[in-house]
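1. okay, structure incoming, though there's no sequence with it:
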C-alpha cells in the first residue's frame, strides 16, 4: 500500500533536499489526489520514487498534458466602511486573478510491489516563454513518446529529452492543437478531400 500522500510528500522532501512537494486535492468523482513537484528537483524525485525499496515505482503508464487558462476567482467578503458618516459592515466582491500554466501529469505504478497509481505533476511558469519542465525519460523509458506527444500538442518543452520533436503533427505545423485557445485554420491545405465543416471553412477562405 502507498502511504498517505502527505506522508509521502514529507519523505520525498527528506530524501531530496530543497524539493517542493504539494498535495493537490481532487474534487472530481474520482477523488484521487496527486503530488505537485517542482521541475528543478523532479528528476531526483523520480529517481527516489523508483529506487526507494518501499516504493519501487518502476513503471510510468501514462503521461498527459493539461492546459489551464488564465482565470478569475470571485469571493465575497465583509468589510467595514463609512457610509453616510456611519461605519457599517458591507459586502464586497474580491477578484483574484490566476495566471494560466501548462501541466504534465504522470501515472506511476510498481510492477514489483503491485501498487499504484501514484500521480505526480509538473507545472510550467506560464503558457508562453516559461513553458519548460524536466524530462523523466531517464528514469522511466516509456515516457519518451508520451512526452513528445505533450510537447507536440501542448507546447511543453522537456529539458533533457533526447529526441524532442513532433510525433503526431508534422514539422512546420503551427501552434499546438490541444491548447484550449487553439484556433483551427479555415483553409486546411493538408486536407485533400475537404467535407462537411472543413469544406464550409475552405469555401469561406478561398475567393469565389
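-> Now that the structure is in, tell me what you want to look at. Remember, it's a predicted structure, so these values are computed and weren't measured experimentally.
2. only C-alpha atoms for contact and neighbour calcs from this point on.
-> Noted.
3. what residues are up against residue 51?
-> Neighbour list for residue 51: residue 57 [criterion: C-alpha atoms under 8 Å, 6 or more residues apart in numbering].
4. please renumber so the chain begins at 898
-> Sure, I'll start counting at 898 from here, so that last one is residue 948.
5. give me the pLDDT value at it.
-> The model reports residue 948 with a pLDDT of 98.
6. kindly report the same for residue 1093.
-> 77.
7. same check on residue 971?
-> Looking at residue 971, its pLDDT stands at 82.
8. in space, what's closest to the residue most central in space within the chain - neighbours in sequence excluded?
-> For the chain, residue 1000 is the residue whose C-alpha lies nearest the centre (C-alpha atoms, centre = their mean; 1.3 Å). Closest residue to residue 1000 apart from its sequence neighbours, by C-alpha to C-alpha, 6 or more residues apart in numbering: residue 1020 at 4.5 Å.
9. so what's that neighbour up against?
-> Shown in contact with residue 1020 (C-alpha under 8 Å, 6+ apart): 933, 935-936, 998-1001, 1030.
10. quick check: it vs residue 1094, distance?
-> Applying C-alpha to C-alpha, to the nearest Å, the value for residue 1020 to residue 1094 is 35 Å.
11. go on, residue 995?
-> Note on residue 995: its distance to residue 1094, by C-alpha to C-alpha, is 35 Å.
12. ok, residue 1069 next?
-> Using C-alpha to C-alpha, we find residue 1069 at a distance of 24 Å from residue 1094.
13. look at those two and report which has more neighbours.
-> Between residue 1069 and residue 1094, counted using other C-alpha atoms under 10 Å, residue 1094 has the larger neighbour count: 10 against 7.
14. can I assume that one sits in a helix?
-> Yes - residue state for residue 1094 (DSSP: H, G, I helix; E, B strand; the rest coil) corresponds to a helix.
15. how close does it get to residue 925?
-> Residue 1094 sits 33 Å away from residue 925, taking C-alpha to C-alpha as the criterion.
16. and residue 995, by the same measure?
-> Distance from residue 995 to residue 925, by C-alpha to C-alpha: 21 Å.
17. swap in residue 952?
-> Residue 952 is 26 Å from residue 925, by C-alpha to C-alpha.
18. the two: who's more crowded?
-> residue 952 (21 against 8).
19. please name the nearest non-neighbouring residue to the more buried one.
-> residue 946 (6.0 Å).
20. can you tell me how far that neighbour is from residue 1010?
-> 12 Å.
21. and the two? Which one has more around it.
-> Counted by other C-alpha under 10 Å, residue 946 and residue 1010 do not tie: residue 946 has more neighbours, with 21 against 14.
22. was I right about that one contacting residue 956?
-> No - using C-alpha atoms under 8 Å, residue 946 is not in contact with residue 956; the gap is 10.4 Å.
23. ok, back up a step: over to the residue nearest to residue 952: give its phi and psi.
-> Dihedral pair for residue 946: phi -60, psi -30, per degrees, to the nearest 10.
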